[in-house]
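>>> need coordinates for the below:
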Amino acid sequence: MDYYLSNFLQEAITFFAIMDPIGISAIALSILSPNITKNEINKVAYKTTLTIIIAFFVVIISGEFVLKVFGIDVNSLKVMGGLVLLLMAISMINGSSGLISNSDGKPNEELAIIPIAIPIVFGTGLFSTIIIFKHEANNIADLASISIAYCLNAVIFYFIFKNSIHIKRYLGETGQNVITKLMGLIVGALSIQFIISGVVTLAKSYLN
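Alright, predicted model coming up:
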């Protein structure tokens, strides 16, 4: 029981840190129209959340198959995924998103899937993490734990995103930046773990 609870908490915290719902919601809000209504943001939040949940199940079902097709070792993905997360962590700590604004003036709902859901929320960091977690899963209970942890974070993201206008007003830009930097530190620590684990396993396989 302790093993499953420990794994679930690790997965949930990892997904929460990478998603960074408060920071990402602020970025997404900056892409949407300044005069967006509460009803419109609810629709965008719903559509974005549904997209990232679908993307999760697509990756968890077919992710390892894609790696096998291209002959990529999962430990190589651990190292590469760790580097991606490290760069993401540095970006979060520095407070630079590097994201493109809605210069085309597209309707808000059209932005829900691309670019908000993919790649802003569901990017390479989440993709790599999901495949790594799945590879480390030993049974159906472990897969269920990963799925519940992710879906729980997706629901949290939904409620934070749909209330992002109020959260921005309450926390202010400084408060949101502080939270994003803290999440960046957690993501950075996780990235180092992934890199070390992948390098050590690869080194052992090559030495043997």
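
>>> which helix of this protein spans the most residues?
The longest helix of the chain (DSSP state H) is helix 164-207.

>>> who are the packing partners of that helix?
Packing contacts for helix 164-207, counted by 3 or more CB pairs under 8 Å, 6 or more residues apart in numbering; DSSP states H and E, involve helix 2-19, helix 21-31, helix 38-69, helix 74-94, helix 124-136. Every residue, glycine included, has its C-beta placed from N, CA and C.

>>> out of those, which is closest to Ile114?
Ranking these by proximity to Ile114 (CB to CB) places helix 38-69 first, at 8.8 Å.

>>> buried residues, that closest one. List them.
In terms of neighbour count (16 or more other CB atoms under 10 Å), helix 38-69 has its buried residues at 41, 44-45, 47-49, 51-53, 55-56, 59-60, 63-64, 67.

>>> cool, stretch 129-137 as well?
Within stretch 129-137, the residues scored as buried using 16+ other CB under 10 Å are 129-134, 137.

>>> now, which of the residues you listed sits nearest Ser145?
Ser145 has its nearest neighbour among these in Ala137, at 8.0 Å by CB to CB.

>>> can I assume the closest one is in contact with Ala144?
No: taking contacts as CB atoms under 8 Å, Ala137 lies outside contact range of Ala144: 9.2 Å.

>>> overlap in contacts, those two.
Counting by CB atoms under 8 Å, 6 or more residues apart in numbering, Ala137 and Ala144 have no shared contacts at all.

>>> on that earlier part again, lowest average pLDDT across the helices and strands packed on helix 164-207?
Mean pLDDT across these is lowest at helix 21-31; the value there is a mean of 86.

>>> and it with helix 164-207, angle?
Interaxial angle of helix 21-31 relative to helix 164-207 (axes from the mean of the first three to the mean of the last three CA atoms, to 10 degrees): 120 degrees.

>>> so what touches helix 21-31?
Here helix 21-31 makes contact (CB under 8 Å, 6+ apart) with 36, 41, 44, 48, 92, 97, 99, 101-102, 111, 115-116, 120-121, 153, 156-157, 160-161, 164-165, 167-168, 171, 173, 176-177, 179-180, 183.

>>> tell me the contacts of the residue nearest the centre of the chain?
Residue closest to the average C-alpha location in the chain (CA atoms, centre = their mean): Met19, at 3.6 Å. Contact analysis of Met19 by CB under 8 Å, 6+ apart lists 121, 126, 153, 157.

>>> find the helix or strand that the third one is a member of.
Here Asn153 is covered by helix 140-162, with elements defined by DSSP states H and E.

>>> restricted to buried residues, select the contacts of helix 21-31 in PyMOL.
Those of these that meet the burial criterion (16+ other CB under 10 Å) are gathered into one PyMOL selection, given here:
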select buried, resi 41+44+48+92+102+111+115+116+120+121+153+156+157+160+161+164+165+167+168+176+177+179+180+183
